[in-house]
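Colleague: Provided below for reference: sequence and predicted model.
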Amino acid sequence: MGTTSTVLLWVLGVLALVGGVLVFTLNSMARVTFALLGSLVCVGGVVTVLRLPYLGVVIVLMMVMEMVIMAVFMIAYMMNPAGLMPMSMLHNKRGSLVISGLVFAALVVGIFLVPWPDRTGARLEDTTFQVGMSLMGDQMLTMVTLGFVLLATMVGATVLATRRGRYDRFGDDLDQRPANDSAGGGVGR
Amino acid sequence: MAEAGTWWALPAAPAMLLVFAVLAVAADAALDARNAGRRITAHTAVRPLLAVPRALLAQPRRLPAPDRLLWRAGVITVPVAAVLATLVIPFGNRVVADLSVGVVWFNAMEVLTWAGLWLAGWGPNAAFSLVGGYRFLALGLAYELPLMFALISAATGAESLRVTDIVGAQHGLWYAVWMPFAFVLYLAGVLAFSFLGPFAYPLGRDVADGVLGETSGVDRLLLQAGRWLWLAAGAAMAVPLFLGGGAGPGLPAWAWSLVKTLLVLAVLVWTLRRLPMLRADRYVELAWVVLLPLSVLQALVPALVSLTR
């Protein structure tokens, strides 16, 4: 790894940490959310510097979408009025200190205990294909199963969270057309 | 086929993007004049540019308790992301940064607009602005996935995420010809991420201009510029993705890129004036019930062609 990459790696790593610290020190829900987003974008940069450009840029892409949507929900569900007042991200301080300390210790121990593999063969310029093969080759069944489990979870959670079901929309005999919806849709149903 | 960017490509790419954006604004103003029955002169076309010095000289509006940091961040993000997106767009045979994941880079920069517009809505601490920011997220949930599948269709056809590879893979047959639905979805996505025309919902008149409502001076200028810069960037990206890039008979590659980009831009400007503004709830249902399944089917076509190749 060249000097530029090493410097970038350190800068991005430190920035990611700073963002992480800001998440727990800022007092506005919007700022906290975007501090976390900044931290995760730096992680995407770290992954890119480590020569996994596809994963790095996808992390940035997905995290921006996810954190912006998350900001909506975090602000909507804050206990104080809509997250608009100054607030603290710290709850159950003693318990969380113990848990985070234990997790940190376990991760540090893991760094030293894991038998890291040595490099075999030459480093490839474009790693996107290799990432795809290792995810979708031998692990295709895992990925497909995971995909369906995730989809089923999302659909299930949405169905459980929705107050109105099909009997509300289509009537007791499911024959009421058009559906009785509280908001109109775009395809004339 | 594409040469790596020379030093002057770095300032040239944003400059050209700006020129395309100004041309789009001028065309829009000219069409405005025609609709109003006025004569179209050079003066009417450049008239909207007077807003630039006016915005620079305007006294900024002061609001009680704005979140200035986040507001500025959001306002700056929108045009900056548009400029960063153009780094991977080849023009003729030249491209500033020929990334191996160029398509994903473009997509990631476009998604930064989500954060930018929401922050621009949040910052002023005003209800209508915030409503505008939320409106863009609702629109985003509708337009983003079909747009992603349109991009994936082109990438699957070329079996590469590198934009110049996608150009190279279209020799003879443009992707717009055998993936027309992906092309149309992509163009709809361009209008959506530049929040213009039918997708001007976050800046709707019914919420007093929404995101734009409380902005003044440079902030307003940057947001407005961001819209047209994104329109230009989207038009420029359509050329390598779906229209064969700089390929064409007779003229040099840069000339073909220029002609095609201007044509796509003209189509976009004409379209955005013809369509009424869409409400997010309507477009979400259309997008998820109709467009998304069709876009998945469209992505299946190049996948099957690649498999049998």
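Modeller: Alright, I've got the coordinates.

Colleague: Just the CA coordinates for the lowest-mean-pLDDT helix or strand in chain B, please, in PDB.
Modeller: Least confident helix or strand of chain B, by mean pLDDT, DSSP states H and E, is helix B:42-46 with a mean of 83. Below are the C-alpha coordinates for helix B:42-46, written out as PDB (Å, rounded to 0.1, in the frame of the first residue of the first chain):
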ATOM      1  CA  ALA B  42     -31.600  36.600 -27.200                       C
ATOM      2  CA  HIS B  43     -32.700  39.000 -24.400                       C
ATOM      3  CA  THR B  44     -35.600  36.800 -23.300                       C
ATOM      4  CA  ALA B  45     -33.400  33.700 -23.300                       C
ATOM      5  CA  VAL B  46     -30.600  35.200 -21.100                       C
END
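
Colleague: Pull the residues that contact it.
Modeller: The contact list for helix B:42-46, computed with C-beta atoms under 8 Å, 6 or more residues apart in numbering or on different chains, reads B:26-27, B:29-30, B:32-33, B:38. For every residue, glycine as well, the C-beta is placed using N, CA and C.

Colleague: which element follows it toward the C-terminus?
Modeller: helix B:51-57 (DSSP states H and E).

Colleague: Please work out the average pLDDT along that following helix.
Modeller: Across helix B:51-57, pLDDT averages out at 89.

Colleague: centre of the chain versus that helix, how much separation?
Modeller: Relative to its chain's centre, helix B:51-57 lies at 24 Å (C-alpha atoms, centre = their mean, to the nearest Å).

Colleague: go on, stretch B:171-181?
Modeller: With C-alpha atoms, centre = their mean, you get 21 Å for stretch B:171-181.

Colleague: Repeat that for stretch B:221-234.
Modeller: Centre-to-centre, stretch B:221-234 and its host chain are 7 Å apart (C-alpha atoms, centre = their mean).

Colleague: CA atoms of it as PDB?
Modeller: Below are the C-alpha coordinates for stretch B:221-234, written out as PDB (Å, rounded to 0.1, in the frame of the first residue of the first chain):
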ATOM      1  CA  LEU B 221     -28.900  30.400  -6.300                       C
ATOM      2  CA  LEU B 222     -27.000  27.200  -5.300                       C
ATOM      3  CA  LEU B 223     -30.200  25.200  -5.000                       C
ATOM      4  CA  GLN B 224     -31.600  26.500  -8.300                       C
ATOM      5  CA  ALA B 225     -28.300  25.900 -10.000                       C
ATOM      6  CA  GLY B 226     -28.200  22.400  -8.500                       C
ATOM      7  CA  ARG B 227     -31.500  21.500 -10.300                       C
ATOM      8  CA  TRP B 228     -30.300  22.500 -13.700                       C
ATOM      9  CA  LEU B 229     -26.800  21.100 -13.200                       C
ATOM     10  CA  TRP B 230     -28.400  17.800 -12.300                       C
ATOM     11  CA  LEU B 231     -30.600  18.000 -15.400                       C
ATOM     12  CA  ALA B 232     -27.400  18.600 -17.500                       C
ATOM     13  CA  ALA B 233     -25.500  15.800 -15.800                       C
ATOM     14  CA  GLY B 234     -28.400  13.400 -16.300                       C
END
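
Colleague: for chain B, what's the longest helix?
Modeller: If you go by DSSP state H, chain B has its longest helix at helix B:127-158.

Colleague: next helix or strand past that helix?
Modeller: Per DSSP H and E, the first helix or strand lying C-terminal to helix B:127-158 is helix B:163-168.

Colleague: Quick one: name the residues of chain B near chain A.
Modeller: B:67, B:69-70, B:73, B:99-101, B:104-105, B:107-108, B:111-112, B:114-115, B:118-119, B:122, B:134, B:137, B:140-141, B:144, B:161, B:278, B:281-287, B:289-290 (C-beta under 8 Å from any C-beta of the partner chain).

Colleague: Narrow those to those in helices?
Modeller: B:69-70, B:73, B:104-105, B:107-108, B:111-112, B:114-115, B:118-119, B:122, B:134, B:137, B:140-141, B:144, B:281-286.

Colleague: Kindly write the PyMOL command that selects the buried subset of those.
Modeller: Applying 16 or more other C-beta atoms under 10 Å in any protein chain shown to those, the buried members can be selected in PyMOL as follows:
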select buried, chain B and resi 70+73+104+105+107+108+111+112+114+115+118+119+122+134+137+140+141+144+281+282+283+284+285+286
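
Colleague: so where's the chain uncertain?
Modeller: Defaulting to chain A. Where chain A drops to pLDDT under 70, the residues are A:1, A:79-84, A:184-189.

Colleague: try again with chain B
Modeller: B:1-6.

Colleague: rerun at 80
Modeller: B:1-7, B:9, B:172, B:309 (pLDDT under 80).

Colleague: Helices along the stretch 201-309 of chain B, start to end?
Modeller: Along the stretch 201-309 of chain B, the segments classed as helices by DSSP state H, counting those that start in this stretch run B:217-242, B:253-274, B:280-286, B:292-308.
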